[in-house]
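Colleague: return atomic coordinates for the entry below.
(chains A and B)
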Amino acid sequence: MADTATSLGVRRSSIRRASGSRLHRGRRTLAAALFAPTLLVVGIFVYGFIAFTLRVSVSKDYNPLNRDLTATPGLLDNYAELMATPRFQASLRNIIIFTIAVLVVSVVVGMVLALIVDKTVRASGLFRSIYLLPYALSFIVTGVVWRWIFTPETGINLLLQASGVSGLYQSVTGEPLKPGWITDPTVAGSVNDLIAAVFPGAADFLQAQLGIPLALIPVVVAASWQLSGFAMAMFLAGLGGIPEEIKEASRVDGAGAWRGFWNITFPLLRPTIVIALVLLGHVALKSFDLFYAMVGSGPGFATDIPGIFVYDQMFRALNYNIGAAASIVMLVLVSVVVVPYLARTYAREDA
Amino acid sequence: MRTKNTARRRLAAIVAGGVSLALLAACAPTGGDGGDSSKLEVFSYLTSGSEADALNAVFDEFRSQYPDVSVENGAVSGGGGSNAAQVLQSRIAGNDAPDVWQAHPGANLATYANEGLLKDLTPLFEEEGWKDVYPKDVIDSLTVDGKIYGVPFGINQMNVVWWNKNVAAKLGVEVGDTLSWDDFQKGVAAAKAGGVDPICLGDKDPFTTGEIVESAIISHLGADGWRELTSGKLSWDDDAVVDALKDYQYIVDNANSDHTALTWDQSAGRFADGGCLFLPLVDSAYGEFLKAGAKDGTDFGWVYYPGTEGNILNVSDVWVISSALKDTTNAEDFVKVAGSTEVQLAYQKIKGQIPPRLDADVSSLGAYQQQFAEAYKSAQILQSLTFGQSNPPAMQQAFYDAITQFNASGDTSQFTASMVAAANG
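Modeller: Reported below is the predicted structural model:
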């Protein structure tokens, strides 16, 4: 990171020095000409459409059939309606819990895998490929496979029976072990009563149970299975960047494996961890295909996410305004993760 | 040397600029093909095996009658039609509506008609004498402000309970031509005692539960009550709705435990394999049974959902013509072919339901289809909320969402409150 920043700085100052010469004016025209198409396409198809979505999100009943952009009486009417919708509350809860869980699991698993593969002397290339392979699959494939694994009658429950775990559980507790997995509507650890006790007004507003929907766990497993290998690859690159002398010095000074990791490797990997969190975090926040293929909205919206909500509101209910408002909320969510990171990166480059 | 370099750079700049323009040009809509007299695009979501075959039978007949016109099959698959709806909406917004497209009658058709997107087909109906060959309820469902906008080509009934004859024989359960709610419960109890799942359900596709709730409401309210409820004359917090939800809860409680993970066709497959006694499911299931090798009348039978005899809760398909089309000759020729008795019959021979026309000779169809056609002559034909025929799409989505919520909470007052809110909103 630091290296690229300084080299960029050098290049920039040399450009500044040389500017004014005819050669560089020509180079600039070329640069501008090459840059123009991308700028144009991104300008229209990304920023233009975001602006249009913003416009639709404050209109009363726009849909593609009437194209009526009359605004709502109050600027934020649609957003107020959206936030009060039980289903949207549930989907916001789900995507936030899902993102946090996926980040924790895939960063920890990816880190452990990276450390193991990094230490492996023989065939480390083979193991790297094996762990990275799931990342090459499409989320739809992952979703379909894991749906069958976590369907109560077909997948993992059969394994529990065959391995004797179910029998053991029943003999100890007296109750059959039959987890519902993706069919379980339970929301564990609901804090609604607590919130209502502290903020009496919130009780009416909160229509969804604020807790951890159990049906979300299988999706977290599937997503982490797919993304851990990617995290591993990033950490391997990070580990490769740690100078051998430092590791050796710590060994010579008598640091054990754990102290070596905690005091040397981990601090030096911190920039890589931040990048991994940002990259995986925005993938998790924007999820759609994995949920769509694996669970849909789930029982009682236990696995509903803003992406599916937007799809239903727009294309099925023709509520384009509410769908657009939800899209903007999604954009804000992703921005919360990405923007501070970008700001920090730019700040460093300028320094 | 330097001048040569600059010239090369200028050239590069011009090329880059040209590429960007070409890119933009490629994005511009091609539009305005309304005048081409040799082409016709037919847009649908008839893409599953039997549906695609049935549609091809219609195309074949059209091609043989009008060899000069090239028909383009613009079918979009996936999502039970919601992917196609998405494409259709974008195309309409981009002034690129297909010439002919598939719609549902009632509120779905009205959504388009109210925006002036459909061609008035009343003259065609008068010319062809079609007003008399469909039941009055069907004509009403095609009519918006006195004008007819759609040509029916398929009708499904949704308030159907299938029963597996082999499983019933094993359990000693007997089902007659009709089934009362008490006998239904007795059958459920017998299946439970016999260690068989009483009911098959696959509500990963939420329409399967939607149609059960609708059937249950009709069993408590009757045909007129359903019409009042969906037209806003009766409130959704009526006691009959609460009673219906309790019946629905009973059905879900007695269904296979993995019902939320199964799709509708998987549940039909499980029923055909003897996995349960009853299957409350739209008659699209009929084709799935035959595909699974089950025989109509010996392996399975059907009755109307208890208490809904004499009513057909329907989901239907109609063709509509775009009002943006300048020359509608080809489009009208197409719907004339698709609306003829012969082609409706050929279509349903493959698809497994009945021709919506009353004057079609159904003696060549299967036993179930003939019984359905007989009932169709005199039944009250009711519009389904599940498929957006009774109410606009926003209400339809609210109904789906309320059921999903109810599935987890079992709270009837939450269900009725959100439906009342949606009906007022």
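
Colleague: please name the nearest non-neighbouring residue to the closest residue to chain B within the stretch 151-300 of chain A.
Modeller: Nearest residue of the stretch 151-300 of chain A to chain B, counting by C-beta to the nearest C-beta: residue A:300, 2.0 Å away. In short, each C-beta sits where N, CA and C put it, glycine included. Spatial nearest neighbour of residue A:300, excluding adjacent residues (C-beta to C-beta, 6 or more residues apart in numbering or on different chains): residue B:408 at 2.0 Å.

Colleague: what helix or strand is the one you found located in?
Modeller: helix B:393-409 (DSSP states H and E).

Colleague: next one: that helix to chain centre, how far?
Modeller: Centre-to-centre, helix B:393-409 and its host chain are 18 Å apart (C-alpha atoms, centre = their mean, to the nearest Å).

Colleague: helix B:393-409 and the next helix or strand after it, what's the angle between them?
Modeller: Counting by DSSP H and E, the element after helix B:393-409 in chain order, helix or strand, is helix B:412-424. When axes from the mean of the first three to the mean of the last three C-alpha atoms, to 10 degrees is applied, the directions of helix B:412-424 and helix B:393-409 differ by 170 degrees.

Colleague: tell me how far helix B:412-424 lies from the chain's centre.
Modeller: 25 Å.

Colleague: please apply the same query to stretch A:37-47.
Modeller: With C-alpha atoms, centre = their mean as the basis, the mean position of stretch A:37-47 lies at 25 Å from the chain mean.

Colleague: does residue B:355 touch residue B:339 like I think?
Modeller: No. Between residue B:355 and residue B:339 there is no contact under C-beta atoms under 8 Å: 9.7 Å.

Colleague: higher neighbour count, the two?
Modeller: residue B:355 (29 against 25; other C-beta atoms under 10 Å in any protein chain shown).

Colleague: what are the buried residues along the host helix or strand of residue A:248?
Modeller: Element membership of residue A:248, judged by DSSP H and E, is helix A:244-252. By neighbour count on 16 or more other C-beta atoms under 10 Å in any protein chain shown, the buried set for helix A:244-252 is A:247, A:250.

Colleague: show me what whichever helix or strand comes after it is packed against.
Modeller: Downstream of helix A:244-252, the next assigned helix or strand under DSSP H and E is helix A:257-260. For helix A:257-260, the elements it packs on are helix A:244-252, judged by 3 or more C-beta pairs under 8 Å, 6 or more residues apart in numbering or on different chains; DSSP states H and E.

Colleague: residues contacting the helix it packs on, please?
Modeller: Helix A:244-252 is touched from outside by A:259-260, A:263-265, A:268, with contacts defined as C-beta atoms under 8 Å, 6 or more residues apart in numbering or on different chains.

Colleague: if we can go back for a sec, which residues touch the helix holding residue B:408?
Modeller: A:86-87, A:185, A:297, A:299-302, A:312-313, A:316-319, B:107-108, B:111, B:203, B:206, B:209-210, B:213, B:245, B:252, B:260, B:385-388, B:391, B:411-412, B:414-415, B:418-419, B:421-423, B:425.

Colleague: which helix or strand in the chain has the lowest average pLDDT?
Modeller: You didn't pick a chain, so chain A it is. Every helix and strand in chain A was compared by mean pLDDT, DSSP states H and E; the lowest is helix A:2-18, with a mean of 46.

Colleague: residue B:277 in helix, strand or coil?
Modeller: strand (DSSP: H, G, I helix; E, B strand; the rest coil).

Colleague: which one is it nearest to, not counting chain neighbours?
Modeller: Closest to residue B:277 by C-beta to C-beta, 6+ apart is residue B:191, at 4.4 Å.

Colleague: tell me who's in contact with residue B:268.
Modeller: B:200, B:202, B:279, B:281, B:285, B:288-289, B:292.

Colleague: tell me which helix or strand it sits in.
Modeller: helix B:264-272.

Colleague: up against chain B, what does the stretch 101-250 of chain A have?
Modeller: The stretch 101-250 of chain A comes close to chain B at residues A:147, A:151-154, A:178, A:180, A:182-183, A:185, as judged by C-beta under 8 Å from any C-beta of the partner chain.

Colleague: widest-spaced pair of those residues?
Modeller: A:154 and A:185 (19.4 Å; C-beta to C-beta).

Colleague: more neighbours: these two, which one.
Modeller: A count of neighbours by other C-beta under 10 Å puts residue A:185 above the other of residue A:154 and residue A:185, at 22 against 14.

Colleague: if I look at that one, how far off is residue A:101?
Modeller: 18 Å (C-beta to C-beta, to the nearest Å).

Colleague: now residue B:351
Modeller: Taking C-beta to C-beta, one finds residue B:351 at 45 Å from residue A:101.

Colleague: so which of these two has more stuff around it?
Modeller: The residue with more neighbours, out of residue B:351 and residue A:101, is residue B:351; 24 against 19, by other C-beta under 10 Å.

Colleague: please name the nearest non-neighbouring residue to that one.
Modeller: residue B:54 (4.2 Å).
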